[in-house]
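J.: sequence first, predicted coordinates after that:
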Amino acid sequence: MGLPAETSAVELFASGGLELRGLATVLRLVAEAESIETLLRRLPASSDTRLHVDYEEAARRLGIPEKWLRDRVGSLPHRKMGKHVGFSDEDLNAISEMYAVRPEENENGKQSNVINRPLPFTPTSRSRSRARR
């Protein structure tokens, strides 16, 4: 199926023959992407029908080292089927929320300046003479 040779681009645009919104979206994604991996992460994974992902994919989605995830899996939400560990989308979202850092607010609802707040000083139990060696 082709277009008649005498059909101009202006006529195609006027008739709605081209999906301009879709084309504009694809061009914007390509322009904003720093690399092909960034672009692929932003596109929906329609061909991926797995309910759970492995350590490697979970670490990639979270943007953390796989070793960090393996070392802390006992304290993180995950699924375990026999000896196989998997992570659902809900698990990955929960892990992300566990480590969310939000600035503190004062009584007025404004963010307080956490940097200028003095930290409590507690001396260590180590001897001074040992530290000088």
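T.: Yes, it's here. Numbering: from 1, shown residues only.
J.: who does the helix ranked longest in the chain touch, helix- and strand-wise?
T.: Ranked by residue count under DSSP state H, the longest helix found in the chain is helix 20-32. Here helix 20-32 touches helix 36-42, going by 3 or more C-beta pairs under 8 Å, 6 or more residues apart in numbering; DSSP states H and E. Every C-beta, even on glycine, is put in place using the N, C-alpha and C of the backbone.
J.: in contact with the spatially closest residue to E66 that is not a sequence neighbour, which residues?
T.: What sits nearest to E66 in space, not counting adjacent residues and going by C-beta to C-beta, 6 or more residues apart in numbering, is A59, at 4.1 Å. Counting by C-beta atoms under 8 Å, 6 or more residues apart in numbering, A59 makes contact with 65-66, 68-69.
J.: checking my notes, A59 in a helix, right?
T.: Yes: A59 sits within a helix when classified using DSSP: H, G, I helix; E, B strand; the rest coil.
J.: flag the shaky bits of this structure, pLDDT-wise.
T.: 1-21, 34, 36, 38-48, 106-121, 123-124, 126-133 (pLDDT under 70).
J.: domain assignment for the chain?
T.: According to automatic domain parsing, the chain comprises the domains 12-43, 48-108.
J.: can I get those domains in JSON lines including distance to T122?
T.: Converted to JSON lines, the domains of the chain look like this (distance: least, C-beta to C-beta, whole Å):
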{"stretch": "domain 12-43", "distance to T122": "43"}
{"stretch": "domain 48-108", "distance to T122": "21"}
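J.: deepest of those, which one?
T.: domain 48-108 (a mean of 12; mean count of other C-beta atoms under 10 Å).
J.: break down this structure into its helices, ranges please.
T.: Using DSSP H, helices in the chain cover 9-15, 20-32, 36-42, 55-62, 66-72, 89-98, 128-132.
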